[in-house]
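Colleague: coordinates only, sequence not included:
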C-alpha cells in the first residue's frame, strides 16, 4: 500500500506556477529592461550639442523665434516669424525683409520620432534594428527626464501613435510603454493595408504640429523611406526647431556577406535569393547600400542636421556615452556620418 501512496503522491499536479517563456532580448524589448536604463542615462548630457545653460525654470538656450532677453542675430524673414521682431534697419539697408533672433531661456521639449517600419525588424548579429532603436530612444528619454524637460513622441510602423509631451519621468514611462508595443516583431511585420505607403514623410508633417518652436526633435530610423519630399519636411521643421538624426544600421548593410547563395524574406511572405558569389552580385549589393547611405548623408548635410550612425553590433550605452557623455566634448560633425562601421 505504501508503494501506491508514494506513486499517487508523485503523480499529484504541481502547485507551482508555470514558468514564463524565455524572451530573446535580441528580438524583443521589455518595460523592465528599458526602465533599467535610467541609471546609465545619468552619464549622458544631451544638452552638449544644443545651447545648454543653467536656469531653474529652463535649462536650454532654444532656437525659439520669439521675444527673448538676448539679441542673437538677424536673418532673412521666413514664413511664420513674428513680425514684431522685424529688423527694420537691416531691412532698409539690404532691401530685403530681415527679422531679429533672440535666445530665450526656457524649458525645451524633446520629441522622438521612432521608426518601426518593416525594414527595422532585421538584424544579423546581436539584435534587431528595432531593439536598438527602442534602447536608444529609452536611454535618451531618461536623460531628458532627469533634467525635468518634457518628452513627446511619434511612433510609426504601419500605423502611428502620437504622445503629447509630458514632464520628466511621466514622459519617459509613457514612451517606454509604446516602445515595447511598437517594437514587437509580430505586430511590426503583420500584413497591413498601409504597408506600401511612405508614412515616414507623413509623420514628419505631423511633427510640425506636435513640436512647438524650440523643440529638440530626435529622428531614430534606418531612413529607407526618405525621398525628395523628405527634404521639404526637414527644412520646414528645422526653421524653428533643433533636429538630430540617429541612423540604425546592421553590419550586413555596410559589408556584403561571404560569397554564397542566401534565402531571404521580407518577413511577411515574400522570399527570394541573394547571390553574392559573382563579382557583379557583390558590386550590386555594395552599390545599393552605398547609395542609400550617401543619399541620407547628403540630405542631412544640406539641412545641417547632425547624423549619428549606430550599428546593431554596438554596445548602445557605450556609443551614446561617446557622443553624449558628460565628460566627452568631441563635436558632432556634419561632414560625414558618425560612428561609421567598417
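Modeller: Cool, the structure landed. What you are looking at is a predicted structure, and each value in this text was computed from that prediction instead of being measured.

Colleague: centroid residue for this structure?
Modeller: residue 220 (1.8 Å; Cα atoms, centre = their mean).

Colleague: who does that residue form a beta bridge with?
Modeller: residue 114, residue 246 (DSSP bridges).

Colleague: helices of the chain, start to end?
Modeller: Assigned helices in the chain, in chain order: 2-11, 31-35, 38-41, 88-94, 129-145, 168-182, 185-188, 199-210, 228-238, 279-302, 316-324 (criterion: DSSP state H).

Colleague: okay if I get those as a markdown table plus mean pLDDT, mean neighbour count and distance to residue 123?
Modeller: All C-beta spots, glycine's among them, are computed from the backbone N, C-alpha and C. Formatted as a markdown table, those follow (pLDDT from 0 to 100; neighbours: other Cβ atoms under 10 Å; distance: least, Cβ to Cβ, whole Å):
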| stretch | mean pLDDT | mean neighbour count | distance to residue 123 |
| --- | --- | --- | --- |
| helix 2-11 | 48 | 8 | 45 |
| helix 31-35 | 94 | 16 | 16 |
| helix 38-41 | 90 | 16 | 21 |
| helix 88-94 | 91 | 12 | 52 |
| helix 129-145 | 95 | 27 | 6 |
| helix 168-182 | 94 | 20 | 16 |
| helix 185-188 | 81 | 16 | 10 |
| helix 199-210 | 89 | 18 | 20 |
| helix 228-238 | 94 | 16 | 25 |
| helix 279-302 | 92 | 14 | 15 |
| helix 316-324 | 88 | 19 | 13 |
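
Colleague: what's the closest of these to residue 114?
Modeller: helix 129-145 (5.0 Å; Cβ to Cβ).

Colleague: now do residue 86, the pLDDT please.
Modeller: Model confidence at residue 86, given as pLDDT, is 90.

Colleague: likewise for residue 82?
Modeller: Looking at residue 82, its pLDDT is 79.

Colleague: that one contacts residue 101, correct?
Modeller: No - counting by Cβ atoms under 8 Å, residue 101 is not a contact partner of residue 82; they are 10.4 Å apart.

Colleague: which one of those two has more residues nearby?
Modeller: Between residue 82 and residue 101, counting by other Cβ atoms under 10 Å, residue 101 is the more crowded of the two (19 against 13).

Colleague: ok, residue 185 touching residue 128?
Modeller: Yes - here residue 185 reaches residue 128: they are 7.0 Å apart, a contact under Cβ under 8 Å.

Colleague: find residues that contact each of those two.
Modeller: Counting by Cβ atoms under 8 Å, 6 or more residues apart in numbering, the residues touching both residue 185 and residue 128 are 27, 121.

Colleague: got a list of what residue 252 touches?
Modeller: Neighbouring residues of residue 252 by Cβ under 8 Å, 6+ apart: residue 124.

Colleague: quick check: the gap between it and residue 292.
Modeller: Separation of residue 252 from residue 292 (Cβ to Cβ, to the nearest Å) stands at 13 Å.

Colleague: can you count the residues close to residue 223?
Modeller: So residue 223, with other Cβ under 10 Å, has 24 neighbours.

Colleague: so who does it touch?
Modeller: Taking Cβ under 8 Å, 6+ apart as the criterion, residue 223 is in contact with 115, 200, 245, 247, 292, 296.

Colleague: cool, residue 141 as well?
Modeller: Going by Cβ under 8 Å, 6+ apart, residue 141 touches 41, 110, 112, 151, 171-172, 175-176.

Colleague: now the phi/psi pair for the nearest residue to residue 259 once chain neighbours are set aside, please.
Modeller: Closest residue to residue 259 apart from its sequence neighbours, by Cβ to Cβ, 6 or more residues apart in numbering: residue 277 at 4.6 Å. Main-chain torsions, residue 277, degrees, to the nearest 10: phi -80, psi -30.
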